[in-house]
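Trainee: Need a 3D model of the following:
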Amino acid sequence: MSRVFCIPGILFLLCAFVLSFLVSISLPFLPALDIARVHFRDGNALVDGRTVTETRFGIWAPCSYETDGSRICEGSGHGYHVSISNTDKDSSTNIGSGWTRGLAVHPVATAVTFIAFLLSFSTHVSVTLISSLVSFLAALLTFIAFIIDIALFAFVHHEAGNVNDVGANVNTAPGT
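Mentor: Numbers count the residues shown, from 1 in each chain. As a prediction, this is how the structure comes out:
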C-alpha cells in the first residue's frame, strides 16, 4: 500500500489533535475558547454573589466579567458549580457540577486522537489498521464531547431563562 494515500489522514488527525488540544485547555487559560456564554442585560445578574455582565462556561472553570470589565475566574477544576440570581435575589438557579463534569471528555478525546496520530505514521499494515480503529474511537469520543457541549448549552439556556429580570442571552461559544 502506498503511503501517499495515508498523508491526508495524517493531516486530518494532526488538525483534529491541535483543535481538540486547544479546546481542552479552554477557560481559564484561553479566554476565547469556552463552551457557552451568558450575557446579562444591564448588570442585573448576580453570579456566585458578584454583579456581572457576562459568564462563560469553560472545560475547567467558569469566568465572569464584572460591570467594570474585569474578568474573575473561579478556581479551576473538574466539575464546577455556578449559581445565577437577579439582584433582588428573589429568583435564582443553579448549574450543578453534574452538568459540567462531563466536559472532561474533551481531554480524553484529545489523548486518543494523539495516539491515533502517532500510530498513523507506521508502515506496518496491522498498526495502520489499529490506527484506523483508534481514529474511529477518537471521533466517537469527540462526538460524545460535542453532545455534552450541546446538552450543557441547552440546560444553561433553559435555566438562565428562568431567572427573572436578568435578560439572559445564552450563546454557544467557539469551544463548542
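Trainee: what about the nearest residue in space to Pro174 that is not next to it in sequence, neighbour count?
Mentor: Once flanking residues are discounted, Pro174 sits nearest to Leu33: 5.5 Å by CB to CB, 6 or more residues apart in numbering. (Glycine included, C-beta is placed from N, CA and C.) Neighbour count for Leu33, taken as other CB atoms under 10 Å: 20.
Trainee: what does Leu140 give?
Mentor: 12.
Trainee: got it, and Asp42?
Mentor: 11.
Trainee: Tell me which strands the helix or strand bottoming out on mean pLDDT in the chain pairs with, and in which orientation.
Mentor: The weakest-scoring helix or strand in the chain, judged by mean pLDDT, DSSP states H and E, is strand 45-47 (a mean of 84). Sheet pairing for strand 45-47, assigned by DSSP bridges, gives strand 50-57 (antiparallel), strand 82-86 (antiparallel).
Trainee: Please produce JSON lines containing those, extended by distance to Ile148 and mean pLDDT.
Mentor: Converted to JSON lines, these look like this (distance: least, CB to CB, whole Å; pLDDT from 0 to 100):
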{"stretch": "strand 50-57", "distance to Ile148": "12", "mean pLDDT": "89"}
{"stretch": "strand 82-86", "distance to Ile148": "16", "mean pLDDT": "88"}
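Trainee: Which one of the ones you listed lies nearest to Leu140?
Mentor: If you check each of these against Leu140 by CB to CB, strand 50-57 wins as the nearest, at 23.5 Å.
Trainee: mind checking how far the biggest helix by length in the chain is from the chain centre?
Mentor: In the chain, ranked by residue count with DSSP state H as the criterion, the top helix is helix 125-161. When distances are taken as CA atoms, centre = their mean, to the nearest Å, helix 125-161 is centred 11 Å away from the chain's centroid.
Trainee: residues making contact with the helix or strand following it?
Mentor: Once the chain leaves helix 125-161, the next helix or strand it forms, by DSSP states H and E, is strand 169-172. By CB atoms under 8 Å, 6 or more residues apart in numbering, the residues outside strand 169-172 that reach it are 35-41, 149, 153, 156-157, 160-161.
Trainee: Equivalent analysis for stretch 59-69, please.
Mentor: 23-29, 31, 34-35, 43, 47-48, 50-56, 71-78, 80, 82, 100, 103-104, 106-107, 175.
Trainee: got the end-to-end distance for that stretch?
Mentor: 22 Å (CA to CA, to the nearest Å).
Trainee: Stretch 26-38 too?
Mentor: Using CA to CA, the two ends of stretch 26-38 sit 16 Å apart.
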